[in-house]
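Return atomic coordinates for the entry below.
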Amino acid sequence: LILMLRWCKHQARGSSSTDDSPSLLLGCLAERAAMLLAKEICLDAELGNDVHANREDMKHVNDQLLELFGDDDLMGASSFVGMVENPLQKVVDKSIWDAVVVQLRTQLAAARNEKIAELEKLQEQSVNSRSWGGKRSPFRGF
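Now for the predicted structure:
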């Protein structure tokens, strides 16, 4: 389902109009796949299958969900003029999109928090490397 939604997102990025039959078919496919994926993830959580899953696997799935359904606003990107919305969101009906995002809110929040933590860690490393003139500290190995 994730692969199908990635394909739909890629196709939506290339489509220019929403009133032709390929775009309608693309929207229908994306809507069905998104609803099935959200339902599957909710059922896994309800059955407790997500508790027994490997942390790395869950992180990987959550990252993919964030890529598909996230708002891409980790660093305030929406404040830029001309920010383009998610291509997948263009072909999915707004009510379906909102319902899917609500069902995936836990996974999206977890992925968003992971990304923010990674970005903060990278920024901290960048600041630390600048204090040594861009070179690695000789004391780092100790």
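
Output the below-cut-off pLDDT ranges for the chain.
The chain contains residues with pLDDT under 70 at 16-21, 50-52, 72-84, 129-142.

Tell me where it has helices.
2-14, 21-47, 55-69, 87-91, 94-103, 105-130 (DSSP state H).

Rebuild those helices as CSV, extending it with mean neighbour count.
For glycine as for every other residue, the C-beta is placed from the backbone atoms N, C-alpha and C. Shown next, in CSV, are the helices of the chain (neighbours: other C-beta atoms under 10 Å):
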stretch, mean neighbour count
helix 2-14, 15
helix 21-47, 16
helix 55-69, 17
helix 87-91, 20
helix 94-103, 15
helix 105-130, 13
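
Find the residue closest to the residue positioned nearest the centre of the chain in space, skipping its chain neighbours.
Most central in the chain under C-alpha atoms, centre = their mean is residue 66, positioned 1.5 Å from the mean C-alpha point. Nearest residue to residue 66, sequence neighbours excluded (C-beta to C-beta, 6 or more residues apart in numbering): residue 111, at 3.8 Å.

Repeat that for residue 10.
residue 87 (7.9 Å).

ok, the one you found - contacts?
9-10, 12-13 (C-beta atoms under 8 Å, 6 or more residues apart in numbering).

Throw the residues you listed into CSV and include distance to residue 25, thanks.
Formatted as CSV, these follow (distance: C-beta to C-beta, whole Å):
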residue, distance to residue 25
9, 15
10, 15
12, 12
13, 16
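
Just give me the closest of these to residue 121.
residue 9 (27.8 Å; C-beta to C-beta).

isn't the closest one right next to residue 68, touching?
Yes - the criterion here is C-beta atoms under 8 Å, and residue 9 meets it with residue 68 at 6.5 Å.

Mutual contacts of these two, please.
Common neighbours of residue 9 and residue 68 (C-beta under 8 Å, 6+ apart) are residue 88.

gap between residue 123 and residue 26?
Residue 123 is 38 Å from residue 26, where distance means C-beta to C-beta, to the nearest Å.

thinking the residue nearest to the centre of the chain is in contact with residue 115, fair?
Yes - at 7.0 Å, residue 66 counts as touching residue 115 under the criterion of C-beta under 8 Å.
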